[in-house]
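Peer 1: give the three-dimensional model of this entry:
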Amino acid sequence: GFPRTLGQAEALDRICELDLVISLNIPFETLKDRLSARWVHPASGRVYNMDFNPPQVQGIDDLTGEPLVQREDDRPDAVAARLRKYKDAAKPVIELYKSRGILHSFSGTETNKIWPYVYTLLSSKIPPVISDEE
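Peer 2: You can find the predicted model right below:
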């Protein structure tokens, strides 16, 4: 997400005025497991997830048959360190937007369960787009 740090939030304030901020509260273990299950095909950038979007053959790109790699920062220890660092840096940002009354937080582990609530919030803030045909 963005902004990730208070400095980024302050820079964003200089170019626009936010009236809505969404925070997704996903359990640490869920994030760690998802990121650690990510593998990529370096040449194309195609991304696979061993839990919900695995390649047809484990460790092999579906289109080229070339090996997949796991980025160093997607290894479990690195992911855990990244998440701890992010949590520490993001805390003041969350507090800033909470103090402004524009923070809306959603918790869960599954996109299809969180999304309807996020969609309802966004729909209440953004007028529907009406096509020329209507």
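Peer 1: so who does the residue lying closest to residue 117 once chain neighbours are set aside touch?
Peer 2: Distances taken as Cβ to Cβ, 6 or more residues apart in numbering place residue 106 nearest to residue 117, at 5.5 Å, with adjacent residues excluded. Heads up, the C-betas are built off the backbone N, CA and C, glycines and all. Residues near residue 106 by Cβ atoms under 8 Å, 6 or more residues apart in numbering: 22-25, 114, 117-118.
Peer 1: next helix or strand past the strand or helix carrying residue 106?
Peer 2: Assigned by DSSP states H and E, residue 106 belongs to strand 103-107. Downstream of strand 103-107, the next assigned helix or strand under DSSP H and E is helix 111-125.
Peer 1: packing partners for the helix ranked longest in the chain?
Peer 2: If you go by DSSP state H, the chain has its longest helix at helix 76-99. With contacts defined as 3 or more Cβ pairs under 8 Å, 6 or more residues apart in numbering; DSSP states H and E, the packing partners of helix 76-99 are helix 6-15, strand 21-25, helix 28-36.
Peer 1: hmm, try it at 6 Å
Peer 2: The helices and strands touching helix 76-99, judged by 3 or more Cβ pairs under 6 Å, 6 or more residues apart in numbering; DSSP states H and E, are helix 6-15, helix 28-36.
Peer 1: how far is that helix from where the chain is centred?
Peer 2: Distance of helix 76-99 from the chain centroid (Cα atoms, centre = their mean, to the nearest Å) equals 12 Å.
Peer 1: next: stretch 92-109.
Peer 2: So, by Cα atoms, centre = their mean, the centroid of stretch 92-109 is 15 Å from its chain's centroid.
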